[in-house]
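# can't give you the sequence, but here's the structure:
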(Lines give C-alpha, C1' and ligand atoms only; values in the text may rest on other atoms or scores of the structure.)
Protein backbone atom coordinates (compact mmCIF):
# COMPACT_ATOMS: atom_id res chain seq x y z
CA UNK A 1 0.00 0.00 0.00
CA UNK A 2 2.88 2.35 0.64
CA UNK A 3 3.70 2.44 -3.09
CA UNK A 4 0.26 3.85 -3.88
CA UNK A 5 0.98 6.95 -1.85
CA UNK A 6 4.40 7.61 -3.35
CA UNK A 7 3.46 7.34 -7.04
CA UNK A 8 3.83 10.60 -8.87
CA UNK A 9 0.48 12.18 -9.61
CA UNK A 10 -0.54 15.64 -10.74
CA UNK A 11 -2.11 18.11 -8.36
CA UNK A 12 -5.84 18.65 -8.85
CA UNK A 13 -6.80 22.32 -8.87
CA UNK A 14 -10.39 23.21 -9.73
CA UNK A 15 -12.20 26.54 -9.54
CA UNK A 16 -15.64 26.64 -7.85
CA UNK A 17 -18.22 24.58 -9.76
CA UNK A 18 -15.63 22.82 -11.93
CA UNK A 19 -15.37 19.06 -12.39
CA UNK A 20 -17.29 16.42 -14.33
CA UNK A 21 -20.92 17.38 -13.91
CA UNK A 22 -23.79 14.91 -13.77
CA UNK A 23 -27.13 16.75 -13.86
CA UNK A 24 -30.05 14.63 -12.67
CA UNK A 25 -33.02 16.99 -12.64
CA UNK A 26 -33.38 18.24 -9.06
CA UNK A 27 -30.02 16.67 -8.17
CA UNK A 28 -26.58 17.57 -9.51
CA UNK A 29 -23.33 15.74 -8.83
CA UNK A 30 -19.88 17.07 -9.71
CA UNK A 31 -16.92 14.69 -9.62
CA UNK A 32 -13.91 16.57 -8.22
CA UNK A 33 -11.36 13.74 -8.12
CA UNK A 34 -11.68 10.16 -9.27
CA UNK A 35 -9.61 7.00 -9.32
CA UNK A 36 -7.61 7.98 -12.40
CA UNK A 37 -6.52 11.15 -10.61
CA UNK A 38 -5.98 9.67 -7.12
CA UNK A 39 -4.06 6.51 -7.96
CA UNK A 40 -7.30 4.53 -7.50
CA UNK A 41 -7.22 5.28 -3.77
CA UNK A 42 -10.28 7.54 -3.19
CA UNK A 43 -12.80 9.80 -4.91
CA UNK A 44 -14.40 13.14 -4.07
CA UNK A 45 -17.68 14.55 -5.38
CA UNK A 46 -20.17 17.33 -4.67
CA UNK A 47 -23.88 16.56 -4.44
CA UNK A 48 -26.44 19.39 -4.69
CA UNK A 49 -30.16 18.97 -4.07
CA UNK A 50 -32.78 21.56 -4.89
CA UNK A 51 -35.23 22.51 -2.10
CA UNK A 52 -37.58 19.73 -0.93
CA UNK A 53 -35.76 16.96 -2.80
CA UNK A 54 -35.05 13.34 -1.94
CA UNK A 55 -31.58 12.00 -2.62
CA UNK A 56 -30.72 8.47 -3.71
CA UNK A 57 -32.73 5.56 -2.33
CA UNK A 58 -31.26 4.24 0.95
CA UNK A 59 -28.35 1.94 0.15
CA UNK A 60 -25.07 0.50 1.46
CA UNK A 61 -21.49 0.33 0.19
CA UNK A 62 -18.51 -1.68 1.39
CA UNK A 63 -16.43 1.47 1.69
CA UNK A 64 -16.75 4.30 4.20
CA UNK A 65 -18.18 7.66 3.18
CA UNK A 66 -17.32 10.99 4.76
CA UNK A 67 -19.72 13.87 4.09
CA UNK A 68 -19.12 17.56 4.73
CA UNK A 69 -22.12 19.88 4.34
CA UNK A 70 -21.10 22.75 2.04
CA UNK A 71 -24.44 24.50 1.68
CA UNK A 72 -27.83 24.69 3.36
CA UNK A 73 -29.01 21.91 5.66
CA UNK A 74 -28.92 18.27 4.66
CA UNK A 75 -30.93 15.56 6.39
CA UNK A 76 -29.00 12.30 6.43
CA UNK A 77 -30.18 8.78 7.13
CA UNK A 78 -27.59 6.60 8.87
CA UNK A 79 -28.91 3.17 9.72
CA UNK A 80 -32.49 3.89 10.85
CA UNK A 81 -31.93 7.41 12.18
CA UNK A 82 -32.40 10.75 10.38
CA UNK A 83 -30.21 13.67 11.47
CA UNK A 84 -30.28 17.27 10.22
CA UNK A 85 -26.80 18.63 9.48
CA UNK A 86 -26.17 22.32 8.85
CA UNK A 87 -23.41 23.90 6.76
CA UNK A 88 -20.00 22.97 8.18
CA UNK A 89 -21.22 19.68 9.70
CA UNK A 90 -19.27 16.49 9.08
CA UNK A 91 -20.21 12.81 9.29
CA UNK A 92 -18.43 9.51 8.63
CA UNK A 93 -20.62 6.59 7.56
CA UNK A 94 -18.90 3.22 8.06
CA UNK A 95 -18.99 0.73 5.22
CA UNK A 96 -22.02 -1.57 5.29
CA UNK A 97 -24.28 0.96 7.04
CA UNK A 98 -27.50 1.92 5.22
CA UNK A 99 -27.54 5.63 4.31
CA UNK A 100 -28.90 8.42 2.12
CA UNK A 101 -29.49 12.16 2.23
CA UNK A 102 -32.21 14.65 1.31
CA UNK A 103 -32.92 18.37 1.40
CA UNK A 104 -36.01 19.19 3.48
CA UNK A 105 -35.70 22.97 3.15
CA UNK A 106 -38.62 24.59 1.32
CA UNK A 107 -36.45 27.40 -0.08
CA UNK A 108 -32.71 26.66 0.06
CA UNK A 109 -30.51 24.38 -2.02
CA UNK A 110 -28.30 22.01 0.02
CA UNK A 111 -24.98 20.40 -0.82
CA UNK A 112 -22.48 17.90 0.53
CA UNK A 113 -18.90 17.12 -0.35
CA UNK A 114 -18.60 13.33 -0.40
CA UNK A 115 -15.32 11.50 0.18
CA UNK A 116 -15.25 7.79 -0.71
CA UNK A 117 -12.32 5.85 0.70
CA UNK A 118 -12.25 3.62 -2.38
CA UNK A 119 -12.09 4.83 -5.95
CA UNK A 120 -14.42 3.41 -8.59
CA UNK A 121 -17.80 4.83 -7.62
CA UNK A 122 -17.36 7.62 -10.16
CA UNK A 123 -17.30 5.08 -13.00
CA UNK A 124 -20.99 4.38 -12.27
CA UNK A 125 -22.04 8.04 -12.48
CA UNK A 126 -23.19 8.08 -16.14
CA UNK A 127 -25.59 5.19 -15.37
CA UNK A 128 -26.69 6.75 -12.08
CA UNK A 129 -27.39 10.03 -13.88
CA UNK A 130 -29.51 8.25 -16.50
CA UNK A 131 -31.39 6.39 -13.76
CA UNK A 132 -32.30 9.64 -11.96
CA UNK A 133 -33.44 11.25 -15.20
CA UNK A 134 -35.73 8.25 -15.83
CA UNK A 135 -36.79 8.12 -12.13
CA UNK A 136 -36.91 11.76 -10.93
CA UNK A 137 -36.45 12.20 -7.19
CA UNK A 138 -39.58 12.86 -5.16
CA UNK A 139 -40.22 15.44 -2.51
CA UNK A 140 -38.29 15.12 0.73
CA UNK A 141 -39.91 13.57 3.79
CA UNK A 142 -41.69 16.26 5.77
CA UNK A 143 -40.11 17.03 9.10
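The structure has been received and is ready for your questions. Predicted model, so just to flag it, every value in this text is computed and none were measured. Numbering: from 1, shown residues only.
# C-alpha only now, for contacts and for neighbours.
Fine.
# element containing the residue most central in space within the chain, please.
Geometric centre of the chain, nearest residue: residue 114, 4.2 Å, by CA atoms, centre = their mean. For residue 114, the host element (DSSP states H and E) is strand 110-116.
# please apply the same query to residue 132.
Using DSSP H and E, residue 132 sits in helix 125-134.
# how about residues contacting that helix?
With contact meaning CA atoms under 8 Å, 6 or more residues apart in numbering, helix 125-134 is reached by 22, 23, 24, 25.
# if we go to 6 Å?
Here helix 125-134 makes contact (CA atoms under 6 Å, 6 or more residues apart in numbering) with residue 24.
# please renumber so the chain begins at 30
Yes, from this point I'll number from 30; that puts the last item at helix 154-163.
# now stretch 123-140: how far from the chain's centre is it?
Relative to the centre of its chain, stretch 123-140 is centred 9 Å away, using CA atoms, centre = their mean, to the nearest Å.
# buried ones in it?
Buried residues in stretch 123-140, counting neighbours by 16 or more other CA atoms under 10 Å, are found at 123, 126-134, 138-140.
# right, I'll call it a day here.
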